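Engineer: Return a 3D structure for these sequence lines:
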Amino acid sequence: MSSDLIVFDSPESRERCLEDHVRFLTSVEKLSNVGIIVRSVLISSADDLDPSSEAYEMMVSDGPSILPLTVYDGVVIETYEYPSDKVLVDYLEVPDGILKAERTRQPAANDMPCVCWARNTY
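Structural biologist: From the prediction side, this is the model:
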């Protein structure tokens, strides 16, 4: 199952969060080495986003100071900072030992095995 994680940022947010940005780039490289792609998109205003997206609405209301802004499958999951290794591990199917975090987020319902038979016990 492939999911889309995109981080929208700007030169200003990269400078403001320099240390965090460097850590994020290191994590993205490690993920790329195992075939997990995290897209990073440089933007300058809400006009660079899809006007029907939640990210666009947030940029319009809060302005570019909200960047970096992380979107997972179309839903904003993080603002004002780059996603931590913990967030990356929880949202992406990152194998153990790739990043310095362990998965704690439960898998989505459609990733769970079917236990339909358990409901029909008499």
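
Engineer: Please make it C-alpha for all contacts and neighbour counts, starting now.
Structural biologist: Will do.

Engineer: what comes into contact with the top helix by length along the chain?
Structural biologist: Taking DSSP state H as the criterion, the chain has its longest helix at helix 18-33. Contact with helix 18-33 is made by R14, I37, V38, E81, Y82, P83, S84, D85, V94, I98, L99, as judged by CA atoms under 8 Å, 6 or more residues apart in numbering.

Engineer: So what does V41 have for phi and psi?
Structural biologist: phi -120, psi 120 (degrees, to the nearest 10).

Engineer: ok, back up a step: please identify the buried residues of the longest helix of the chain?
Structural biologist: Neighbour-count burial for helix 18-33 flags D20, H21, F24, S27, V28, L31 (criterion: 16 or more other CA atoms under 10 Å).

Engineer: next one: it to chain centre, how far?
Structural biologist: Taking CA atoms, centre = their mean, to the nearest Å, one finds the center of helix 18-33 at 13 Å from the center of the full chain.

Engineer: hey, C-alpha coordinates of that helix in CSV?
Structural biologist: The C-alpha trace of helix 18-33 is given here as CSV (Å, rounded to 0.1, in the frame of the first residue of the first chain):
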residue,chain,number,x,y,z
LEU,A,18,17.2,25.0,10.0
GLU,A,19,18.2,22.3,12.4
ASP,A,20,14.9,20.5,12.1
HIS,A,21,15.1,20.8,8.3
VAL,A,22,18.6,19.2,8.2
ARG,A,23,17.3,16.3,10.4
PHE,A,24,14.2,16.0,8.1
LEU,A,25,16.4,15.8,5.0
THR,A,26,18.6,13.1,6.6
SER,A,27,15.4,11.1,7.4
VAL,A,28,14.0,11.6,3.8
GLU,A,29,17.3,10.3,2.4
LYS,A,30,17.2,7.2,4.6
LEU,A,31,13.6,6.5,3.6
SER,A,32,14.5,7.0,-0.1
ASN,A,33,17.2,4.4,0.3
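
Engineer: what is the rounded mean pLDDT of that helix?
Structural biologist: For helix 18-33, mean pLDDT rounds to 97.
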